[in-house]
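S.K.: predicted model, plus sequence, below.
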Amino acid sequence: MSAQKKGAARLMAVQAVYEGLIYPRPAQQIVQDYLDRAGKRAEPDHEPFLQPDAPHLIAIVSGVAAHGSDLDAMIKAHVKVETELEPLLKAVLLCGAYELLAHPEIDAPIIINDYLDVAHGFYSPSEVAMVNAVLDALRKKLRP
């Protein structure tokens with residue numbers, strides 16, 4: 001599968017996990033909504049939604065749903081903030097942590113870089129640096 005489709009799957013997974021954090025409903029339903037939109041345009045003059053690697057998207061979102069509390073605990077062990085993480089930032093970290101844990105066949109730098117790309121789209125350099133630090137610490141712990 002192409003790197004572009006994997007990257008699109010990661011972006012959509014973050015969006016889907018974020019949506020699930022804000023409006024809880026079954027992960028399968030959220031994923032299906034995203035898959036239904038793939039390749040279509042939100043508005044006639046907009047670019048079409050990206051085509052993701054659908055099995056990878058499903059695996060990430062389902063994995064985060066199934067292992068969310070364990071992933072959350074791993075993330076909190078490496079986050080240096082006293083308050084609850086903002087939901088989108090939490091979604092980026094949950095998806096990245098899940099992939100590092102469950103997909104050893106994918107090089108960790110590729111996973112981390114794709115989630116940093118997602119974070120760059122929404123956050124300042126300081127938050128992106130925090131995402132990098134947390135995912136790198138998890139990489140060292142999960143992939144010694």
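M.R.: Right, received. Where do you want to start?

S.K.: can you list the residues that contact the helix-or-strand element of the chain with minimal mean pLDDT?
M.R.: Least confident helix or strand, the chain: helix 27-37 with a mean of 83, by mean pLDDT, DSSP states H and E. Residues outside helix 27-37 that contact it (Cβ atoms under 8 Å, 6 or more residues apart in numbering): 12, 15-16, 19-20, 49, 52, 54, 57-58, 61-62, 64-65. Where C-beta positions appear, they are placed from N, C-alpha and C, glycine not excepted.

S.K.: likewise for stretch 103-117?
M.R.: Residues from elsewhere that reach stretch 103-117 (Cβ under 8 Å, 6+ apart): 3, 6-7, 10, 14, 59, 92-93, 95-96, 99-100, 128, 131-132, 135-136, 139, 143.

S.K.: list the buried residues in the least confident helix or strand of the chain.
M.R.: For helix 27-37, the neighbour count (16 or more other Cβ atoms under 10 Å) marks 27, 30-31, 34-35 as buried.

S.K.: out of the contacts of helix 27-37, which comes closest to L88?
M.R.: Taking Cβ to Cβ as the measure, L88 sits nearest to Q15 out of the contacts of helix 27-37, at 8.7 Å.

S.K.: coming back round to it: export the buried residues of helix 27-37 to TSV and tack on distance to F122?
M.R.: TSV is the format used below for the buried residues of helix 27-37 (distance: Cβ to Cβ, whole Å):
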residue	distance to F122
A27	21
I30	19
V31	21
Y34	17
L35	22
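
S.K.: state the distance from A137 to K80.
M.R.: 11 Å (Cβ to Cβ, to the nearest Å).

S.K.: more neighbours: which of the two?
M.R.: Neighbour totals were compared for A137 and K80, and A137 leads with 15 against 7 (other Cβ atoms under 10 Å).
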